[in-house]
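> Just the structure for this:
(2 chains)
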Amino acid sequence: MKCKQVYHYICDNLDADIDSPRCRQLKRHLEACPDCAAYLDSLKKTVLLYKNLPAPTVPLSVHKQLFKAINVAWTIPAATRTHAAKRKAH
Amino acid sequence: MTPFSDPIIKSLKAQEAHSKTDSQLIEASKNGDKAAFTNLIRRYENVVYRFAYKVCRNEQDARETLQDTFISVYRNLGSFDGRSKITTWLYRIVTNNCLMKRRRRTRDALLESYDEPPIGEDGKHREHILRWEETPIDRLMRQELREVLDRAIAKLPVDYRVVFVLRDVEGKSTEETAKILKISVEATKSRLRRARAFLRDQLEPYMTSHREVNA
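Below is the predicted model of the structure:
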């Protein structure tokens, strides 16, 4: 397995089953090629960082605004619901 | 005359709605049960808001997307046939809303170079790949790194960002991501590959030398 193949394979399968024949080839290559190993490690860390990046919960004011819009929407005939509900809520 | 006051009836209805499945809540909402619909919103408003924030990278857009999404859900309740999960439907609506809010500032050409590995004609790496520092998750609490991550993902075109968020952040399968976005599995894989490589390259200066990525 060459570096170029490794690049495409690890990009598609960051957490692939390490027991498959393809993964055994990959593992052998990674053990012998520090650059590919560092590249895989950095891709995994990129994903890990974004996966664990905190995201906000709905602020109370936004929650209230949403329910106000929904309350308005609930009373409006289907054809005109969206725009009228947003206008009334603001 | 009803033996219960209005707040008690509302509270009982809310408790009843709380124990229902998504499909039951949708069916009840279709039949005009407002308590069922508000319960559905309470169940998913944080999912929708967080996903919208991760894709839009902007609180104002996330707020508007939250509201637009649930009004759209309400308007289209009749067309939801329950064959897919409600989250698939919600993710699709959020994505469409975010895409509509964003003009495509960057063309696909920007990321096409990420199809090619950083390997030269001779089959060897063009430059030595530096090892990244260990990144304990508590470092994420540091404002500096969060800003670096925010700036990097904000540069990623939204078509690619949404694939990365669905697949790698939200943990959806490639197939489900493709279904949500109504694109092929191959297109999903290609966008994911480019998005990961783009983000990795954006973060590299910070992760290898502790210098901030230039905005």
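
> all helices for chain A, in order.
A:3-12, A:21-32, A:34-51, A:60-74, A:81-89 (DSSP state H).

> could you dump those to TSV with distance to chain B?
Every C-beta, even on glycine, is put in place using the N, C-alpha and C of the backbone. As requested, the helices of chain A are exported to TSV (distance: least, C-beta to the nearest C-beta, whole Å):
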stretch	distance to chain B
helix A:3-12	3
helix A:21-32	12
helix A:34-51	4
helix A:60-74	5
helix A:81-89	5
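
> Lowest average pLDDT across those helices?
Ranked by mean pLDDT, those bottom out at helix A:81-89, which scores a mean of 49.

> circling back to that earlier point, can you put the helices of chain A in a markdown table and add mean neighbour count?
Formatted as a markdown table, these follow (neighbours: other C-beta atoms under 10 Å in any protein chain shown):
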| stretch | mean neighbour count |
| --- | --- |
| helix A:3-12 | 18 |
| helix A:21-32 | 14 |
| helix A:34-51 | 19 |
| helix A:60-74 | 17 |
| helix A:81-89 | 16 |
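
> Tell me who's in contact with the residue positioned nearest the centre of chain A.
By C-alpha atoms, centre = their mean, chain A has its centre lying nearest to residue A:51, at 7.1 Å. By C-beta atoms under 8 Å, 6 or more residues apart in numbering or on different chains, residue A:51 lies in contact with B:168-169, B:171.

> likewise residue B:208?
B:130-133.

> quick one: which of those residues is most hemmed in?
residue B:132 (21 neighbours; other C-beta atoms under 10 Å in any protein chain shown).

> My guess is that residue contacts residue A:42. True?
Yes - assessed by C-beta atoms under 8 Å, residue B:132 is found in contact with residue A:42 at 4.7 Å.

> between these two, what contacts are shared?
B:204, B:207.

> In JSON lines, list the helices of chain A along with distance to residue B:92.
Shown next, in JSON lines, are those (distance: least, C-beta to C-beta, whole Å):
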{"stretch": "helix A:3-12", "distance to residue B:92": "24"}
{"stretch": "helix A:21-32", "distance to residue B:92": "33"}
{"stretch": "helix A:34-51", "distance to residue B:92": "21"}
{"stretch": "helix A:60-74", "distance to residue B:92": "19"}
{"stretch": "helix A:81-89", "distance to residue B:92": "17"}
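
> which stretch among those helices comes nearest residue B:56?
Across those, residue B:56 has its closest neighbour in helix A:60-74 (13.5 Å, C-beta to C-beta).

> ok, now which ones touch residue B:199?
For residue B:199, the contact set (C-beta under 8 Å, 6+ apart) comprises A:46, A:50, B:152-153, B:156, B:164.

> the domain parsing of the chain - what is it?
Looking at chain A here, since you left the chain open. Following automatic domain parsing, one gets these domains for chain A: A:3-51, A:60-89.

> Oops, wrong one, chain B.
B:6-101, B:110-121+B:128-209.

> where's the last one relative to the chain centroid, distance-wise?
In this case it means domain B:110-121+B:128-209. Its chain's C-alpha centre lies 13 Å from the corresponding centre of domain B:110-121+B:128-209 when counted by C-alpha atoms, centre = their mean, to the nearest Å.

> again with the first one
Mean C-alpha position of domain B:6-101 versus that of the full chain (C-alpha atoms, centre = their mean) differs by 15 Å.

> Excluding sequence neighbours, find me the nearest residue to whichever residue of chain B sits closest to chain A.
Distances between chain B and chain A by C-beta to the nearest C-beta are smallest at residue B:117, namely 3.4 Å. Excluding its sequence neighbours, the residue lying closest to residue B:117 (C-beta to C-beta, 6 or more residues apart in numbering or on different chains) is residue A:7, at 3.4 Å.
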